[in-house]
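>>> curious how this folds, go ahead:
(2 chains)
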Amino acid sequence: MKYLCGLCLLCVLCAACQDGDWDAPDFSGGAPYGNNAITDDNVITIAQLKAQYPKYAQNYTVTEITTDCKLRVRVTGNDVQGNLYNSIAVQEDASGDALIIAIGGSDLFAFMPVGQELLVDLKGLYIGAYGNQPQIGTPYAKDANSDAYVSRMDHSIWKEHVKLLGTADPTKVTPIEFTSTLDINADCGKLMTIKNVSVKGANGKLTWAPKGGDNSVKRYFADAPYSDNKKYIIYTSTYADFANTPIPTGKMNLTGIWKQFNGQWELIIRDAKDIEPIEE
Amino acid sequence: MTKKLQLVASFLAMASLGFAQEAKETATDSISDADEALRQDNAAFVFTESQLGEDDDVTQNVIMVNSNTNVFNSNAGYLFSPARYKFRAYNSRYSDIYFNGVQVNNGENGQFNYSTIGGMNDATRNIDASGVFEANAFSMSNIGGSSNYNFRASAIPAGHKVTLSGANRNYTARAMYTFGTGMTKKGWAFAGTMGYRWANMNTAAVEGTFYNSLSYFLSLQKQFNERHSLNLATWGNPTERAQQGASTDEAYWLANDRLYNPYWGYQDGKKRASRVVNNYEPTAILTWDFKINDRMKLTTSAIGRYAMYSATKLNYSGTNPHPDYWKRFPSYNYDVWGGTAPTSDEYDAWLNAYNLWTGSKAYRQIDFDQLYFANQQLNASGHDAIYYIERKHNDHLFFGLGSTYEWNIDKSHKLHVGLQLASNKGMHYQTMDDLLGGKYFHNRNTYAEGSYADGADEIYYDLRNKDGEVKEGDRFRYDYNLFMQKATVWAGLTRDKLRRHSFIAAKLSGTDMWRDGKMQNGICKDYSYGKSGKAGFIDGGFKMGTNVNLGRGQALSVGAGYEQRAPQVNVSFVSPEMNNNFVNNLRNEEAFTCELGYAVNNKWLQMNLTAYYSHTAKGTEWQNFYFDDVNSFTYVSMTGVKKHYYGAELGMKFKVTSNFTVNLLGAIAEAKYAANTDVIYMLSNKGDMTHDICWNKGMRESGTPLAVVSLGLKYSVKGWYFNLNGNYYDRIYLSYSPNMRYQSTLRDQITNFNDGTMGYIDANGNIHPSETLTAQAKSNGGFMLDGSIGHTFRIAHHPLNVNLTVTNITNNRKFCTGGYEQSRSTNYTSKENDSNGSQVNRTYNFQKNPKKFYAQGINFMLNLNYRF
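Sure thing, here's the model as predicted:
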């Protein structure tokens, strides 16, 4: 029996949990996302980038960025509720100029929340337009006979070209007011709020993007001058978390990324919180 | 784990004080038994977790085929274990396991988890194994056979035995100590065994796994007089182990390793497993043996078991963080299976993915740092964590009672009558194991979000606690109990007359089952919380067989049986995680089986040749998986399942000389669905049910070779013994994916994606899918050469057995032992959007990328045991 007790004791002493509690990793050396080796030399503005690559807004053109240049921008929109798909919207703090960056990945909001400042190494990436909306990405052609356009880059490529700067500061992201007088080519891609508007057909049951049929749904403003369907739409994915939420029937302030598609303004609501009914 | 170990240690220490050592007898095992004992030691070692039923998620548990009289049955289980051989390809619920006469199969799935008696090999050697048509003293044998383990203290040889083992397999080291007193003059017997099995992340054969298991067994018997004996036995083996995941051939190619395991990753530079199983099933059994008179006896056992099983899993509400997620593979970027040539951009993308996979080991594993970082970023904005480790619990409280009356009526007739009672409470729930740095998590159905208005009832898993935050250790998603109560009476009569041994047995059972929901699921708010109705089933059957001695050592046997079997609790509910509804059309399964055997037993040859046929009908099966055609988790019930099982088995043992034996074993089996099956499934983001037909006619039972052959040489000389076995395995099918064979899916494929190879739809609208669409994924089979060498030394007048077993000597790493088809559609019926809103089809071909397991290359086990 003493042998049994001895072995028992030995086993208990030896046996220890191998999957114990884990401490959070130490990120003091930099975020484990992106490329921390990117340095902040040769930083240019979005305006300078557009000047260097003047075909940026031409449909079905895609131009490789060959110069050693970087952008310092802040995230204004992401896929937090699944509506801005495979892309983020960024703006410069100082100028307010905006761009769309197309990235083949979801949960981008978890790594690049609104307010996160980014240093983007542009060399090797591509600039071009889809529906005249300028964006950064990589080329994509449906087949060998089709024209290439700029589309989402592989997530691994993006990680090689981005460095996260500090922690996200959402207070530095403030939408400007959207008006019909804005220049669509200059202001597309920006975070903006349209105020005191209602949606056509909203009856308490109509939702933003019911499932069935296409993967996205267009809604239209009821109020002039935004009621012009050819110029202004609200574009919502059926996969958005708020897709099946009824559209408020009254007046609202709506915030989101205002992209363009061949001269038409498209409001992409980022989050259900972007929908603010106005209490009358 | 540590708490469990302390508990066990305290219990053992207290127990040991009560037992005084009394007279002990010399170990009676002869040297010639040593080979067999070592073989059993090794047998328990080489079974993989899925074979042993250690993984509750895996349904392909092996049947440990055994028989005391049949050459094939007594050798196949051990010999073919590296290929996960299942006796006649049966699910292990067709094999009954008894301890001291009380049935102990799991109360919900009917299977027996052999891992719960792992590490206590010396206590599990006394088995009364009964073939399909062999009469026994404890049951009407199941169609996959039955075994009764004798855990009485007096059955364990007196003396001490220490076993030390080293291996490069699931675990690296094992130590066991066994002690037995035998029956003393005062009528007491005590036996105990203690074992420990260990491997860490750096020593286990599969990288990223570990094994940590303590085993104990204690048995105390008191022989009051010639008529009465009482035995109390208790055992358990608290185990913590990390799991291996199956992956695709592309992953194995990129990792240059067919044991590549996607279930682990790096955290702060250290290896961390994402799937860890904790299992502990403390069990106690009290047995009363009552010898009524010289011709009658009564054996009664009562058993109690509290099983605590939990398994962790890395889960997410966003992008799949697993390294072998299909969108990370090179072949995601263009059709590598002979489609159109890639554009230069597609090729560049392919090359980029290839370089990432092959360039860095870390890329091929989970990046825990990134998951922590993401959750920490989300903390700042008040969002819920999107990556977390959840723990699924399947706990069971089981009580059973078995009583058998034996009456030797006369010299040629023997009657057994028995009663079995069982009660099982299965407790199923999920807890938050690790939020991976996240601060917030809410118990919401992320599959349903987007399908319902923000704040709608349907998006909550528990309306009774809508806004409660889920912290580490809290229950979430589902929480329910399943109850089962069963009573069985059976009787068996054997008759030995002239040259004929015959038996007939019958049984009758009543089963009740119900569910008790602990959460009010928002999608099923009126029928998820509280108790369901009760479902009751009466079932039973009979079996008969005869064995005729033809003279000159030859015998012919024939047997047939029919039974109805109540559905198992685990397949009886449509969606037990969500609601109380029973499956429609739930009925007793019918099982018919028959067998014809021929045996020879003489001085130089022992042979068994057996042919069998079994048919099951009205069966019920259940699965749950992510069904991405509809972007939802799905619960699938198949009813009216019909299957055929037939084949032949041959076992031959030639005694060439007194110390040289040649064994030849072979089996060819068929085990397949006999008809297409009705399917009903429920999506986790909707409450409604969808009816369909699964075109699974002809699908084979998976994860086991349906053809095996083995040639073995056994030689012994001067205390040395040598074994060499060449085993060939073929016709191994992978587990088929039902949703890829739904009639609606097949119709959609033929209608919308037909390239001329998928079949056609006739003028009446009936589909005629081709093999291209419905063929079941399969392994190519393979050959393995296994050998062992052993010797018995005498140290201080006691035997020291040394045995070295080497498996897969030819290092065949191309042998796929099993796996499963992926349940995703290559031709995605919903299609995907690209970043600019265009619809694109998937280039990744799921049909050509089943997930597989491969056999380990050359591996060994060195075993030493010393008796004193």
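
>>> care to break chain A down by domain?
Residue ranges for the domains of chain A, per automatic domain parsing: A:43-172, A:176-277.

>>> strands along the stretch 301-450 of chain B, start to end?
Secondary structure of the stretch 301-450 of chain B by DSSP state E, counting those that start in this stretch: the strands cover B:366-367, B:387-408, B:413-434.

>>> how far off centre is the second one?
Centroid separation between strand B:387-408 and its chain, computed with Cα atoms, centre = their mean, to the nearest Å, is 15 Å.

>>> got the angle between that strand and strand B:413-434?
In terms of direction (axes from the mean of the first three to the mean of the last three Cα atoms, to 10 degrees), strand B:387-408 departs from strand B:413-434 by 170 degrees.

>>> I'd like the average pLDDT over strand B:387-408.
Averaged over strand B:387-408, pLDDT sits at 97.

>>> thinking again about what came up before, out of the strands of the stretch 301-450 of chain B, nearest to residue B:303?
Closest to residue B:303 of those is strand B:387-408 (Cβ to Cβ; 4.7 Å). (Glycine included, C-beta is placed from N, CA and C.)

>>> hmm, who's touching the helix or strand hosting residue B:783?
Element membership for residue B:783 (DSSP states H and E) is strand B:782-795. Applying Cβ atoms under 8 Å, 6 or more residues apart in numbering or on different chains, the contact partners of strand B:782-795 are B:31, B:34-35, B:38-39, B:42, B:79, B:82-83, B:719-729, B:799-810, B:812, B:814-816, B:855, B:866.

>>> how about low-confidence regions in the chain?
You didn't pick a chain, so chain A it is. By pLDDT under 70, the weakly predicted segments of chain A are A:1-16, A:280.

>>> the intended chain is chain B.
For chain B, the stretches with pLDDT under 70 are B:1-68, B:826-841.

>>> now with 50, please.
For chain B, the stretches with pLDDT under 50 are B:1-64, B:829-839.

>>> in it, which strand is the longest?
strand B:632-657 (DSSP state E).

>>> quick check, residue B:632 in contact with residue B:446.
No: at 10.6 Å, residue B:632 does not count as touching residue B:446 under the criterion of Cβ atoms under 8 Å.

>>> all helices of chain B, in order?
Assigned by DSSP state H, the helices in chain B fall at B:2-17, B:31-46, B:49-52, B:71-79, B:249-255, B:344-359, B:368-380, B:743-752, B:771-774.

>>> and the last one, how far from the chain's centre?
Right, helix B:771-774. 29 Å.

>>> secondary structure element holding the residue most central in space within chain A?
Residue closest to the average C-alpha location in chain A (Cα atoms, centre = their mean): residue A:88, at 2.0 Å. Assigned by DSSP H and E, residue A:88 belongs to strand A:87-91.

>>> now do residue A:242
Here residue A:242 is assigned to no helix or strand, by DSSP H and E.

>>> thinking again about what came up before, partner strands of the strand holding residue A:88 and their direction?
Strand A:87-91 sits in its sheet next to strand A:70-77 (antiparallel), strand A:98-104 (antiparallel), going by DSSP bridges.

>>> and the ones you listed as CSV, adding mean neighbour count?
Listed next are the strands paired with strand A:87-91 as CSV, based on neighbours: other Cβ atoms under 10 Å in any protein chain shown:
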stretch, mean neighbour count
strand A:70-77, 24
strand A:98-104, 25
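
>>> want to throw those strands into TSV with distance to residue A:267?
Below are these laid out as TSV (distance: least, Cβ to Cβ, whole Å):
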stretch	distance to residue A:267
strand A:70-77	11
strand A:98-104	14
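
>>> now the strands for the stretch 101-250 of chain B?
Here the stretch 101-250 of chain B has its strands, by DSSP E, counting those that start in this stretch, at B:102-103, B:127-130, B:146-149, B:159-167, B:173-180, B:188-199, B:211-223, B:228-236, B:239-242.

>>> can I get the ones you listed in JSON lines including mean neighbour count and distance to chain A?
Formatted as JSON lines, the strands of the stretch 101-250 of chain B follow (neighbours: other Cβ atoms under 10 Å in any protein chain shown; distance: least, Cβ to the nearest Cβ, whole Å):
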{"stretch": "strand B:102-103", "mean neighbour count": "26", "distance to chain A": "27"}
{"stretch": "strand B:127-130", "mean neighbour count": "20", "distance to chain A": "24"}
{"stretch": "strand B:146-149", "mean neighbour count": "24", "distance to chain A": "21"}
{"stretch": "strand B:159-167", "mean neighbour count": "19", "distance to chain A": "6"}
{"stretch": "strand B:173-180", "mean neighbour count": "22", "distance to chain A": "4"}
{"stretch": "strand B:188-199", "mean neighbour count": "25", "distance to chain A": "4"}
{"stretch": "strand B:211-223", "mean neighbour count": "23", "distance to chain A": "5"}
{"stretch": "strand B:228-236", "mean neighbour count": "20", "distance to chain A": "13"}
{"stretch": "strand B:239-242", "mean neighbour count": "26", "distance to chain A": "6"}
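
>>> next, format those as CSV and append distance to residue A:184.
Shown next, in CSV, are these (distance: least, Cβ to Cβ, whole Å):
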stretch, distance to residue A:184
strand B:102-103, 76
strand B:127-130, 81
strand B:146-149, 78
strand B:159-167, 70
strand B:173-180, 71
strand B:188-199, 64
strand B:211-223, 64
strand B:228-236, 72
strand B:239-242, 56
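
>>> quick one: residue B:842 from chain A, how far?
To chain A, residue B:842 is 14 Å away according to Cβ to the nearest Cβ, to the nearest Å.

>>> related to what we said a few turns ago, for residue B:179, which of the strands of the stretch 301-450 of chain B is the nearest?
Comparing the strands of the stretch 301-450 of chain B by Cβ to Cβ, strand B:387-408 comes nearest, at 27.6 Å.

>>> ok, that closest one: who's next to it in the sheet?
Strand pairing for strand B:387-408, using DSSP bridges, gives strand B:296-316 (antiparallel), strand B:413-434 (antiparallel).

>>> let's have these in TSV, adding mean neighbour count.
TSV is the format used below for the strands paired with strand B:387-408 (neighbours: other Cβ under 10 Å):
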stretch	mean neighbour count
strand B:296-316	19
strand B:413-434	19
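
>>> as a markdown table, those with distance to residue A:211 would be great.
Written out in a markdown table, the entries for the strands paired with strand B:387-408 read as follows (distance: least, Cβ to Cβ, whole Å):
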| stretch | distance to residue A:211 |
| --- | --- |
| strand B:296-316 | 22 |
| strand B:413-434 | 27 |
